[in-house]
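# got a sequence here, can you model it:
(2 chains)
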Protein chains: 2
Amino acid sequence: MTSTIDLNMVNAYIPGQADVGAETAATIARRDRLLGPAYRLMYERPLHIVKGEGAWLIASDGRRFLDTYNNVTSLGHCHPRVVEAITRQVATLATNTRYLHDTILELAERLLATVPGTDLAHLMLTCTGSEANDLAYRIAKVRTGGTGIIVTETAYHGFTDAVSQFSPSLGVSVDLGAHVRLVPAPSAYHAEGADLADRFTRDVEAAIADLKRHGIKPAMLIVDSVFTSDGILPDPAGFLKGAVAAIRDAGGLFIADEVQPGFGRTGKHMWGFQRHGVAPDIVTMGKPMGNGQPIAGLLVTQDAVAQFGRDSRYFNTFAGNTVSCAAAVAVLDAIEAEGLIAHAATTGKALRDGIAALGRRHDAIGDVRGIGMFVGVEIVSDPATRAPDRALTSRIVNLLSDKGILISACAKGHNVLKIRPPLVLNGEQVDMVVRGLDESLSEAMAGG
Amino acid sequence: MTSTIDLNMVNAYIPGQADVGAETAATIARRDRLLGPAYRLMYERPLHIVKGEGAWLIASDGRRFLDTYNNVTSLGHCHPRVVEAITRQVATLATNTRYLHDTILELAERLLATVPGTDLAHLMLTCTGSEANDLAYRIAKVRTGGTGIIVTETAYHGFTDAVSQFSPSLGVSVDLGAHVRLVPAPSAYHAEGADLADRFTRDVEAAIADLKRHGIKPAMLIVDSVFTSDGILPDPAGFLKGAVAAIRDAGGLFIADEVQPGFGRTGKHMWGFQRHGVAPDIVTMGKPMGNGQPIAGLLVTQDAVAQFGRDSRYFNTFAGNTVSCAAAVAVLDAIEAEGLIAHAATTGKALRDGIAALGRRHDAIGDVRGIGMFVGVEIVSDPATRAPDRALTSRIVNLLSDKGILISACAKGHNVLKIRPPLVLNGEQVDMVVRGLDESLSEAMAGG
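Prediction:
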C-alpha cells in the first residue's frame, strides 16, 4: 500500500528507494500489516527509535540522532521537570474537568498571563491541535453565523473532518470545503520588493468578496503565525494587521494557530501573533504544550465564546485531565526557569547566521529566514529565477539523517528545509547542524 | 454564564440549587472566570477531587467517594500496572508514529487478536473517542462515496464539528447535519412485547429510504453497542443483525462505537458488538483504553480503509505516542491478569440483582437492566404508564453523591440511572451501592 509515492509529503519513506536492511524491512512490513495503508514513515531509511534525551534520539542499533525537527519535545526529550510532574500526578489522580481541580486553574491563569493587551479571557482544553482548531471553528460559526474560512494555500491546521477541509497541505485527494478559500502565502523572498502587508490584505479581501459572492458568510481567517507549512514566513513583522482588520470588517473572527510557533519558539514572545501586533479572537495551541503529553487547547475572548458556551456545553473526556495539566504547568515552569525564550532568540540567530554564511558558498541556498528557534532554508535550482528544487531538498534531508541530524521540509514547492530544534539547543549542536548541512549540500551537488 | 439551567445535561451543577459552602463557591467562581461558559460541573454540590485509588475518589476535605461512574479508569484509579508503565516510558521516550517503535505494533497485535471472525485488519490511533468517530466518518465517506449517517435519537458520539452533527444528545442548540437521520432507540422496556430486532431494522431501513429520497447516499450506521446515552439497552442480544444488513445493502458501513462498552465492560466479550453477532467495518474505542492516559483509536477492515490510506495520509502528533501505547498495553495486561472480564460479569450481575430486589419495594424503579459492569435503572413516576421521572432521577443521583457514591443518569427522558463502576468493583462495594440507592430512594420519596 505504501509503495505508492506520496507526492503530498516531501519527506515520506518510499519503499525501494534505499536499502534499509533486513531488520528494518521486516519491522516496516509488520507495521504495514498492523497499521494499514494510511500511516507514513519519515526518511529514506526510517528510524527505529528507542530512547530520547535532551536534543538526542537514540536508535535501536545505538546510533544517536540530533533531533532538530520535533517541536513537541521543545524542552528536549524526557525533560526531568515534566517527567517528574507526570510521574507524580499519574500516581495521584488522573481524572476529568467535571470535578473541581486546582492545576487546570493554575494552567489557565498562567496562560492568560501570557497574552496581555488582548481580550482573550478563557482557556478551553483539548487533546490535540486538530481538536483545538476544530473547536475554534465551531465557536466561530456560532459567533458569526457564518461558515466561510480563509487559509493560506499550503496551510496545515489538522486532520478532523472539518479541519482537513481547510488544510490544503494534505494534498489534492483531500477535498477542500466549498466554504473554504485559499490565499497565497505572504512570501517576502518571492514578493520581489512588493508591499507584502498590502498584498496579503488585498488577497484576504478578495477571498472575503468571493465567499460573499457565493452567498457564504465569512466565519474566520485562520493562520499559523509563522506560516510553517507555507515555508516559514515570519517577515516583515506586522504584515498581518490589514488582513485581520479585513476579516473583522466582514464579521469574521481572526484565529491565530500557534500549534507550531507557540510556547516561546519565536524567541521574543510566547506566541507568534504577538510579533505582528494583532489581537486574535481565538489562539489555538498544542504540540509543545506538554512536551509530549497529549494536551492542546485554545484561548478565547468572552465575546467570541459567550453564545457557544450558553448553547453548547463542552466536554472532552481526556482534555484537561490532571496529568496533562501537570505536564503543561511543568512546561511553563521550565520555559521560565531556564530562560528558554531568550535562549531560543540568541541560539536561533546563531543557527540562521551559520546557515546564511553557507549561502555564500552554496548557490542552492536561495534564502535563509526564520525567527527564534524556527529556521527555513529555501533550496532553489537557480538563485536568479528562485525556482524550487524539490529533489535536492529531499536529498539534503536524507543525507542529513544519514549523518545523524534530523530535519524535514515544507512549502508549496516542497523546497524549504524546516529546522525546528528543541529550544534547549546549545552552541555546539548549532555547529553540528551547520557543518552537517554544509557537507550534505556539497555531497548532494556532487551527485551524492 | 453557567447560571442558565442546562436542560441537556441531567446531572449538571446548577448555581444556587444547593449550598456548596464558601470555599467551593470561590473555586467555582474562579473556574467560571478562567475556563468560561462552556464547561459544566457534575452534581448539585460539585466535588473537589485531589486523589484517586482503586474505586475511590478522595476530595480536598478528606471525604471519600465510591466512584461507580467513570469508565475511563476502568481498572480503578491509579492502577499500579498502568502507573508503572507510564512512569517508565515517559522517562525513556515519548515520540510519534513517523518513527518505527515496537510498542504500537504489540498493541495492534493484541487488539486485533480480540476480534476473531471479523475482517478487521488494522489499528489506527487517535487521542480521543471523538477523533476516532471523526476519522471513522472520513473513512466511511471515502469508501462509500456517501455522506448520510444514521444514529439513535439520544446518541452521543463526540464533540468535533462533524461528530457533534450526529450526536443528538448534545441538545437542540447543536444542529444535526442535514445528512443525519435519527432512529428510535431499541428499548425492550418500552417495546411492550414487540419484536425489537424487526422494529429496529425497519426504522433503519426507513432512515435509509429517507436519506435516498433526499439525494443523500448513506455512508454509515453508527451505534454505541450498549446504547449508553439512549439509556443502556443491551437486550435482546442479536437485535442489531437486521439493521447491519440493511446499511450494508444500501452501500454504507456499519460502525460499532465501543468507546463506552469496550474493553471487557460487557462481561463476556471484549466488545459490545460481539454479543450481537455482527461484524463491523470499523470499531471505534477510547475511554478505558489507557485507564486515564489519552489514547483512543479504531480497528478497520482492509477493504474500508484501502482508498483512504492511498489518498489521505493519516498523522496525529500525539496519537500512538510511545507513552500512551505503553499505557494501553498495560491495560490489556491487567484485564487479562486480573480476569476482569469474568469478574465484571459476576459482580455486575450481583449489582443488578441487588438493585432488582430493591424494585420490589420501590415503585419508582421501572426497570433494571444492563450487561456486565454496566447497569441502567429506569426511574418512572408510574410503573403502569412507565412515564419518566426526571426530577426524581436527578434527586437520587445527588442524594447518592452526598452519601459518597458517584453515579450519573442518561436517556431521552433523563430518567435512567447510569451505573458504570470500575471493573474491579468488589462485593462489599456492590452492597454499598445497593444500600445507598435504597436509602436515597426512600429519602427522595419522603421528599428528601
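
# near chain B, which residues of the stretch 101-250 of chain A?
Counting by Cβ under 8 Å from any Cβ of the partner chain, the stretch 101-250 of chain A comes close to chain B at A:101-102, A:104-105, A:108-109, A:112, A:121-124, A:127-131, A:134-135, A:137-138, A:159-164, A:170-171, A:173-174. Placement of C-beta: from N, CA and C, glycine included.

# now the buried members of those residues.
Neighbour counting over those (16 or more other Cβ atoms under 10 Å in any protein chain shown) leaves A:101, A:104-105, A:108, A:112, A:121-124, A:127-131, A:134-135, A:137-138, A:159-164, A:170, A:174 as the buried ones.

# got the domain boundaries for chain A?
Following automatic domain parsing, chain A resolves into domains at A:1-77+A:382-414+A:425-433+A:443-448, A:80-337.

# pick out the shakiest of those, pLDDT-wise.
The minimum mean pLDDT among the domains of chain A belongs to domain A:1-77+A:382-414+A:425-433+A:443-448 (a mean of 93).

# that one near chain B at all?
Yes: using Cβ under 8 Å from any Cβ, domain A:1-77+A:382-414+A:425-433+A:443-448 comes into contact with chain B via A:1, A:4, A:6, A:8-9, A:12, A:24, A:27-28, A:30-31, A:33-42, A:46-52, A:57, A:70, A:72-73, A:77.

# okay, A:Ile150 and chain B: tell me how far apart.
For A:Ile150, the distance to chain B equals 17 Å [Cβ to the nearest Cβ, to the nearest Å].

# can you map out the helices along chain A?
A:22-35, A:80-90, A:102-112, A:129-144, A:161-164, A:188-191, A:196-213, A:241-249, A:302-311, A:322-337, A:340-359, A:390-402, A:427-445 (DSSP state H).

# what's the angle from the third one to helix B:22-35?
The one in question is helix A:102-112. 40 degrees (axes from the mean of the first three to the mean of the last three Cα atoms, to 10 degrees).

# pull the residues that contact helix A:102-112.
A:89, A:97, A:120-123, A:125, A:299, A:320, A:322, A:325-326, A:328-329, A:332, B:27, B:30-31, B:34-35 (Cβ atoms under 8 Å, 6 or more residues apart in numbering or on different chains).

# recalculate using a threshold of 6 Å.
Contact with helix A:102-112 is made by A:123, A:320, A:322, A:325-326, A:328-329, A:332, B:30, B:34, as judged by Cβ atoms under 6 Å, 6 or more residues apart in numbering or on different chains.

# out of those, flag the one nearest to B:Glu336.
Using Cβ to Cβ, A:Thr322 is the member of the contacts of helix A:102-112 that sits closest to B:Glu336, with 27.3 Å.

# what is the burial count for that closest one?
A:Thr322 is flanked by 24 other residues according to other Cβ atoms under 10 Å in any protein chain shown.

# ok, and the closest non-adjacent residue to it?
Leaving out its chain neighbours, the residue that sits closest to A:Thr322 by Cβ to Cβ, 6 or more residues apart in numbering or on different chains is A:Leu93, at 5.0 Å.

# ok, the one you found to B:His77 distance?
Distance of A:Leu93 to B:His77, given as Cβ to Cβ, to the nearest Å: 7 Å.

# shared neighbours of these two, which are they?
Common neighbours of A:Leu93 and B:His77 (Cβ under 6 Å, 6+ apart) are B:Gly52.

# tell me which of these two has more neighbours.
Taking other Cβ under 10 Å, A:Leu93 and B:His77 do not tie; B:His77 has more neighbours (27 against 24).

# separation between the more buried one and B:Lys51?
From B:His77 across to B:Lys51, the span is 8 Å (Cβ to Cβ).

# just A:Pro421 next, same as before
39 Å.

# ok, the two, which is more surrounded?
Neighbours were counted for A:Pro421 and for B:Lys51 using other Cβ under 10 Å; A:Pro421 has more, 30 against 17.

# am I right that the more buried one is in contact with A:Thr68?
Yes: in this structure, A:Pro421 is within contact of A:Thr68 by Cβ atoms under 6 Å, at 3.9 Å.

# re earlier: just the domains of chain A: most buried one?
Highest mean neighbour count among those (mean count of other Cβ atoms under 10 Å in any protein chain shown): domain A:80-337, with a mean of 22.

# mind checking the end-to-end distance for that domain?
Start-to-end span of domain A:80-337 (Cα to Cα, to the nearest Å) is 13 Å.

# for the residue nearest to A:Ala197 when sequence neighbours are not counted, list the residues it contacts.
Once flanking residues are discounted, A:Ala197 sits nearest to A:Phe239: 4.0 Å by Cβ to Cβ, 6+ apart. Neighbouring residues of A:Phe239 by Cβ under 6 Å, 6+ apart: A:186, A:196-197, A:200.
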